[in-house]
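> got a structure for you, letters missing:
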């Protein structure tokens, strides 16, 4: 059951202040390499946890699918999304436009969203204790996918909290984990992309955003396996910017989009092996060439899966 209010007052307020994208942004339709039969499952039956800054509970495009929201930071804002990042991620994964012909539709608009607020209102996960607690909670809720568009420099030495998170991820056999790499403008060499936690965890699928030029430059030295999404500005739901809609780019965005694609695949085929190798093998079936991926970024949504 949705936890987003949809009274007549809520709807009127939303429509009064929302500044919509110039057209309905349907990320499901833009998956040009994913067959229609898979896309048309819309992620039905798949539970996706967003470990992030929380999710906005007044955004009507999330009213259909946001069914759970819990705070693990003990911030004054509780489980409200003060930063906005988690709301963006949730919408790219599973938004469903409330206003006909306007707004944003996520990649998997029939999936259900579980929000765990693990990033503090200063946009910092601190020592990751909140992440450990949030992860434990969503795994107890038997989610299918965990999206972690969050990151921290390596913890050296590995702390007990980080070890607990790594153990939870490595021991889980029913859940797929996706995490964002470093942003490309923060790296000196390709291996730097995964020198961050939690994307550095062995059982986490790394997702990065790169330009065409950097794909060409880094190709031979990219850490593998890795999923690459072309760099472009993606429309998503927001808490403040442009009044409920906003354009953003980067590895966080890319990770959310790939989590949505994984939901479509799981919804279409229950026999998919729920391991890093298993989902990478499935994603590779729909991988684009570099030329295809960068031919029309944004208007078309491509992934490049590099495994060797």
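Looks like it came in fine. What you see is a predicted model; the values in this text were computed from it and never measured.
> Give me the neighbour count for residue 271.
6 (other Cβ atoms under 10 Å). Glycine gets a C-beta too; all of them are placed from N, C-alpha and C.
> cool, the one 10 residues further on as well?
The local packing count at residue 281 equals 15, with neighbours defined by other Cβ under 10 Å.
> Helix or strand: which one has the residue lying closest to it once chain neighbours are set aside?
Distances taken as Cβ to Cβ, 6 or more residues apart in numbering put residue 273 closest to residue 281, at 7.7 Å, once the chain neighbours are dropped. Under the criterion DSSP states H and E, no helix or strand holds residue 273.
> Residue 273 and residue 280, how far apart?
Distance, residue 273 to residue 280, by Cβ to Cβ, to the nearest Å: 10 Å.
> If you count surrounding residues, which of those two has more?
Neighbours per residue, other Cβ under 10 Å: of residue 273 and residue 280, the larger number sits with residue 280, 19 against 13.
> Phi and psi next, for that one.
Reported as degrees, to the nearest 10, the phi and psi values for residue 280 are phi -60, psi -40.
> What of residue 230?
Dihedral angles (degrees, to the nearest 10) for residue 230: phi -60, psi 150.
> Does it touch residue 299 like I think?
No: proximity of residue 230 to residue 299 does not meet the contact threshold set by Cβ atoms under 8 Å, at 11.0 Å.
> Which one's more surrounded, the two?
Neighbour tally, residue 230 and residue 299, criterion other Cβ under 10 Å: the higher count belongs to residue 230, 25 against 9.
> Leaving aside the residues adjacent along the chain, what's closest to that one?
That would be residue 297: by Cβ to Cβ, 6+ apart, it lies 4.0 Å from residue 230.
> Could you list everything the one you found pairs with in the sheet?
Counting by DSSP bridges, residue 297 is bridged to residue 300.
> distance of it from residue 19?
Distance from residue 297 to residue 19, by Cβ to Cβ: 24 Å.
> Show me which of those two is the more surrounded one.
residue 297 (18 against 11).
> how close does the more buried one sit to residue 32?
11 Å.
> burial count for residue 35?
Count around residue 35 with other Cβ under 10 Å applied: 12.
> May I have the predicted confidence score for it?
The pLDDT attached to residue 35 in the predicted structure is 98.
> just the one 3 residues further on next, same as before
Looking at residue 38, its pLDDT stands at 98.
> Which residue lies closest in space to it, excluding its sequence neighbours?
Using Cβ to Cβ, 6+ apart, the nearest residue to residue 38 is residue 268, at 4.5 Å.
> Who are the contact partners of that neighbour?
37-38, 41 (Cβ atoms under 8 Å, 6 or more residues apart in numbering).
> between the residues you listed, which has the most around it?
Of these, with other Cβ under 10 Å as the count, residue 41 tops at 19 neighbours.
> Doesn't that one belong to a strand?
No: judged by DSSP: H, G, I helix; E, B strand; the rest coil, residue 41 forms no part of a strand; its state is coil.
> That one contacts residue 269, doesn't it?
No: with contact defined as Cβ under 8 Å, residue 41 does not count as touching residue 269 (9.3 Å).
> starting at the chain centroid, how far to the helix or strand bottoming out on mean pLDDT in the chain?
Counting by mean pLDDT, DSSP states H and E, the chain has its least confident helix or strand at helix 8-17, which shows a mean of 92. Centre-to-centre, helix 8-17 and its host chain are 27 Å apart (Cα atoms, centre = their mean, to the nearest Å).
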